[in-house]
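Undergrad: curious how this folds, go ahead:
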Amino acid sequence: SCHWAPLEKSLTWSSLHPPFRCLYTLTSSPLRSQQIGFLLGSCGVTVALTSDACHKGLPKSPTGEIPQFKGWPKLLWFVTESKHLSKPPRDWFPHIKDANNDTAYIEYKTCKDGSVLGVTVTRIALLTHCQALTQACGYTEAETIVNVLDFKKDVGLWHGILTSVMNMMHVISIPYSLMKVNPLSWIQKVCQYKAKVACVKSRDMHWALVAHRDQRDINLSSLRMLIVADGANPWSISSCDAFLNVFQSKGLRQEVICPCASSPEALTVAIRRYSGNVRRGVLSMHGLTYGVIRVDSEEKLSVLTVQDVGLVMPGAIMCSVKPDGIPQLCKTDEIGELCVCAIATGTSYYGLSGMTKNTFEVFPMTSSGGPITEYPFIRTGLLGFIGPGGLVFVIGKMDGLMVVSGRRHNADDIVATALAVEPMKFVYRGRIAVFSVSVLHDERIVIVAEQRPDSTEEDSFQWMSRVLQAIDSIHQVGVYCLALVPANTLPKTPLGGIHLSETKQLFLEGSLHPCNVLMCPHTCVTNLPKPRQKQPEIGPASVMVGNLVSGKRIAQASGRDLGQIEDNDQARKFLFLSEVLQWRAQTTPDHVLYTLLNCRGTIANSLTCVQLHKRAEKIAVMLMERGHLQDGDHVALVYPPGIDLIAAFYGCLYAGCVPITVRPPHPQNIATTLPTVKMIVEVSRSACLMTTQLICKLLRSREAAAAVDVRTWPPVLDTDDLPKKRPAQIYKPSNPETLAYLDFSVSTTGMLAGVKVGTSFCKHLRTQAVYSGHQSILIPPSELETNPALWLLAVSQYKVRDTFCSYSVMELCTKGLGSQTESLKARGLDLSRVRTCVVVAEERPRIALTQSFSKLFKDLGLHPRAVSTSLGCRVNLAICLQGTSGPDPTTVYVDMRALRHDRVRLVERGSPHSLPLMESGKVSTERRVKHIFYGKYFHTTSIHLLNTFRDGDSTTSLGSLFQYLTTLLVKKFFLISNLNLPWCNLRTFLPVLLLVAWEKVLTPTSLQPPFRQL
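TA: Next up is the predicted model:
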């Protein structure tokens, strides 16, 4: 007897030519499943059996006929409910055939590429499989079984329909639609009917754990087998353990949980018997990527704990063969594809003899090259090994296998790692797809997940960055792309899961429409092509002629010579920045160099030339007397942005020490921010740490002691209490190549990178406040967040001609001040004196944003020609700049498909797949730019640059000091690299108006796992 809950999906039976065969298909919409329609047509299907509810939901023509769906054969739809059927004649009896090799039914299977195959199962295999399941599970007559699985295929069909009928069992079937409404429905039925067996997936156990608090009087003592159908997924062990821990007090016994492994080709491969031995293994994830078994300890993160899926089915023989090439037997410590030799298996792929031979007719070979038996084996599509006592262990599936740079990675492992990074706050559990795409002749990993509607962009990018770091730390593999899409936009399978092949196809077509994307090709594309070698026999004339003939321009440009534009510069005779400051303190002692504004626009602090000089002298004395430092010692400067940081930096130059700017820990988040400070201090080998009195107390607080070992801090000097003495002499570098300072930053993959800058860099910073003598107005990030109009008000109040900002500040003003232009104009805001408003960024120009900004503030006097963009990078602040005297920047349209292959192809405006790109300006002075492959720089973990500003010497904004978000937008895909620069970067000393851009992106302190690589 069977109890059926209401169904929402359609069950399609297809009767073929005699002897009748049945093809089980489950579809949410026939219009969508063209692959299944192709399979039905290839099988010669003409009749479809369905329910009344499904029949009413099908589209119909005005005459009431069901049209022929795209890709489907013409079908006669027949409703099987009793009100549509007539009684058979009394003398009619069904034709019962013997269990022979005729096909009993065809079960469909979806491949990795999305194609649908039909697996044929013979009558003898059907009967033998039911007998083997009866023996393995100990089924008896009148037992009650609760089936949560899809009873039209796989484990749900074999246990809930076929074997149950053979043993006259009582089946209670619960469909997916009911499980979504009441996840505890299957547990309630087990308690109500005192069921002996339940067939579930780890997903159903997880849902029950979430909802079990609302249910009382649960008693699972009647269960003798809890069959876990997806036991082949090694990560199902976590659901099994959690379910046992919660319901063990409700009568559930450990020996009841029986994971099994199955596949459409081999049917049931293995199942754990009731009261059988439970074995587990902790395997090294790194070893598994090379296909070998290495036992490890549970304390590590990079391990995989697997549980056995029981013994091989009765009457079957199993072996493990190498998944690639000749099916050679694996050694005892190797991972291979499990193969089965038995009667109770599928026999072929319907109509595909070639694929059938590769899967259903496999003869495993010994090391000598001979077959182990004359009987063929069947590939199960499962990766694993056979452990002690004949127990079978499965570590993944062939369909989820991704071979990246010769190493094997399983999609289920990547999904489990992503879910371990606080998934419930940002994405939906179970709505994650992992697949690989081919880029530069190798597979690259792509992760796509559905983002929760209440998740902000900042939180999502923080989660995405943590996922990348976790995968890099645990699996030692880079992720090519991590994309978040809106909720309920990914294609679904009939039972609500992610349709992997369709998701991959949308990604390749550029039709995924993600809301947040994080691409890191520099971490995974390691087989970049080598640059072309210049042939000595080809001269400049030949190169020019060749490019003219092919219509290409040489990918090289040079800026003006710096020596030709500053012949009358009085500061030119000085080689070092410390000398320039001493000269300024003597010639213009009362000139204000730096002004710090608060959120109200008033001056919070200021610094003249002589004040900066005297304060730097006192700091130098403190370093030498209290810190006992010598020339060349490293000093960590842990300051918030402001005047103290500037004075401390020049104090280090006066003492001959090498400053390292470090972002101070956040008082409300010491546990996660302080370890990064400690790491930079240790990696830079700082002999001393300088900071304010407030931060000193923070570093020695109880919260700090709980996060790091405070006893290992280097000597900490408080600059709030400075000595009154002057140094005997101020340090002067012996040569321009002497190290001036170190600039550290943490990438999104958790790699710490440092830039060495020589003491001669002041020679190439012609626009510095100290060098040029102009006044720099500083705006801290917190103040700008409080008052978005602070920047423009300061520009108007101080009649600034040249100002620098980032795209985030421009976007903040555009969104926050869009409706306030009239009130700002009434307050006297005037931007007519602005000559240049330069957007400093490490990305292509955002045309729409700059145009919106210009139009919005046009009424306040801002000239459209004043807004321009620049292009730079971390070690080259200004590669290109746009001048006001030059022509309007050129906008071209390029083909996005060519960009994905790192090529440029110009197209017309409005062309399909076109992307507008605006000119970034001319190459800056004393700069030479060559077109190199973009991935070259990102592979260096430590960048040595002795003469940084020879390659870049433009002014920039204080916003670039704190956090950069470099975005290369390619229509529907993003190439994003969060360069989390220390917010005390030496670009503090550069601009006319130093503007803070507070980019709300991932802080380096959250990048914890990869740090131990250093």
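
Undergrad: using the three-state scheme, assign the spatially most central residue of the chain.
TA: The C-alpha lying nearest the average C-alpha coordinate of the chain belongs to Leu482 (CA atoms, centre = their mean; 3.4 Å). Using DSSP: H, G, I helix; E, B strand; the rest coil, the structure places Leu482 in strand.

Undergrad: residues contacting it?
TA: Taking CB atoms under 8 Å, 6 or more residues apart in numbering, we find Leu482 in contact with Val446, Ile447, Val448, Ala449, Met464, Val467, Leu468, Val517, Leu518, Met519. Bear in mind the C-beta positions are built from the backbone N, C-alpha and C, glycine included.

Undergrad: correct me if wrong: the second one contacts Val477.
TA: No: assessed by CB atoms under 8 Å, Ile447 is found out of contact with Val477, at 11.6 Å.

Undergrad: neighbour count winner among the two?
TA: The residue with more neighbours, out of Ile447 and Val477, is Ile447; 24 against 19, by other CB atoms under 10 Å.

Undergrad: tell me where the stretch 351-500 of the chain has helices.
TA: Ranges of helices in the stretch 351-500 of the chain, per DSSP state H, counting those that start in this stretch, are 353-360, 411-419, 457-475, 500-509.

Undergrad: just to revisit the earlier point, what bridges to the residue nearest to the centre of the chain?
TA: Taking DSSP bridges, one finds Ile447, Leu518 as the beta-bridge partners of Leu482.

Undergrad: quick check: it vs Ser460, distance?
TA: Plainly put, Leu482 is 10 Å away from Ser460 if you go by CB to CB, to the nearest Å.

Undergrad: repeat for Val894
TA: Val894 is 28 Å from Ser460, where distance means CB to CB.

Undergrad: next one: Ser348
TA: Using CB to CB, one obtains 47 Å as the distance from Ser348 to Ser460.

Undergrad: what's the answer for Gln582, then?
TA: In terms of CB to CB, Gln582 sits 50 Å off from Ser460.

Undergrad: compare those two (neighbour count), which wins?
TA: More crowded of Gln582 and Ser460, by other CB under 10 Å: Ser460, with 21 against 18.

Undergrad: so the more buried one touches Gln451, yeah?
TA: Yes: between Ser460 and Gln451 there is a contact under CB under 8 Å: 5.8 Å.

Undergrad: quick one: common contacting residues for those two?
TA: Both Ser460 and Gln451 are in contact with Phe426, Leu484, Asn516, where contact means CB under 8 Å, 6+ apart.

Undergrad: now the residues you listed in a markdown table, please, with extra columns for distance to Val165 and neighbour count.
TA: Putting the shared contacts of Ser460 and Gln451 into a markdown table (distance: CB to CB, whole Å; neighbours: other CB atoms under 10 Å) gives the following:
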| residue | distance to Val165 | neighbour count |
| --- | --- | --- |
| Phe426 | 46 | 23 |
| Leu484 | 46 | 24 |
| Asn516 | 50 | 23 |
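
Undergrad: ok, so of those, who is nearest Leu575?
TA: The closest of the shared contacts of Ser460 and Gln451 to Leu575 turns out to be Asn516 (CB to CB; 47.6 Å).

Undergrad: report the spatially nearest residue to that closest one, omitting neighbours in sequence.
TA: Closest residue to Asn516 apart from its sequence neighbours, by CB to CB, 6 or more residues apart in numbering: Leu484 at 4.2 Å.
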